[in-house]
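Engineer: coordinates only, sequence not included:
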């Protein structure tokens with residue numbers, strides 16, 4: 001599946017596996033802002049999920065195939081943080097004939113969101129990396 005421009009994303013149901021992290025939660029907000037129908041799941045309940053609930057983005061805890069039945073996505077996006085469940089993600093993608101897209105592929109696309117939301121996304125990601133680097 002080729003995603004040519006942000007118009008392709010505006011018309012899609014997109015499910016993000018690993019939505020509870022800094023990068024994926026920001027990406028979920030961006031996709032929501034351009035009009036995509038976004039849903040997601042994560043193994044852990046994080047503080048980022050509370051922010052996503054403010055945008056009425058449907059969320060589940062855990063990675064299960066019944067989320068696909070419930071949300072009916074057309075694209076399945078996963079985070080590199082989902083390394084431990086990558087085989088499950090691939091199985092779900094094959095089982096439901098869903099295109100499987102890595103988060104970084106979506107991030108490289110020219111998405112034209114509200115400038116305030118774009119600023120929020122980059123602030124979240126850069127702040128997270130700053131504090132992460134302090135723990136090393």
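Structural biologist: Yep, that arrived. Values in this document were obtained by computation on a predicted structure and should not be read as measured data.
Engineer: Okay, now the sheet partners of whichever strand or helix holds residue 40, with direction.
Structural biologist: Element membership for residue 40 (DSSP states H and E) is strand 37-42. Strand 37-42 pairs in its sheet with strand 13-17 (parallel), strand 59-61 (parallel), by DSSP bridges.
Engineer: Need these in CSV (columns: mean neighbour count and mean pLDDT).
Structural biologist: Placement of C-beta: from N, CA and C, glycine included. Shown next, in CSV, are the strands paired with strand 37-42 (neighbours: other C-beta atoms under 10 Å; pLDDT from 0 to 100):
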stretch, mean neighbour count, mean pLDDT
strand 13-17, 24, 92
strand 59-61, 17, 95
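Engineer: Redo those as TSV? Include distance to residue 53.
Structural biologist: Formatted as TSV, these follow (distance: least, C-beta to C-beta, whole Å):
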stretch	distance to residue 53
strand 13-17	14
strand 59-61	7
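Engineer: Contacts for the strand holding residue 40 next, please.
Structural biologist: Strand 37-42 is touched from outside by 12-21, 24, 28, 31-32, 49, 52, 57-64, 67, 71, 73, with contacts defined as C-beta atoms under 8 Å, 6 or more residues apart in numbering.
Engineer: Keep only those of those residues that are in helices.
Structural biologist: 24, 28, 31, 32, 49, 52, 67, 71 (DSSP state H).
Engineer: what's across from the residue lying closest to the third one once chain neighbours are set aside in the sheet?
Structural biologist: Spelled out, that is residue 31. Leaving aside its sequence neighbours, residue 31 sits nearest to residue 38 (C-beta to C-beta, 6 or more residues apart in numbering; 4.9 Å). With beta bridges defined as DSSP bridges, residue 38 has these partners: residue 14.
Engineer: Could you measure from residue 38 over to residue 91?
Structural biologist: 22 Å (C-beta to C-beta, to the nearest Å).
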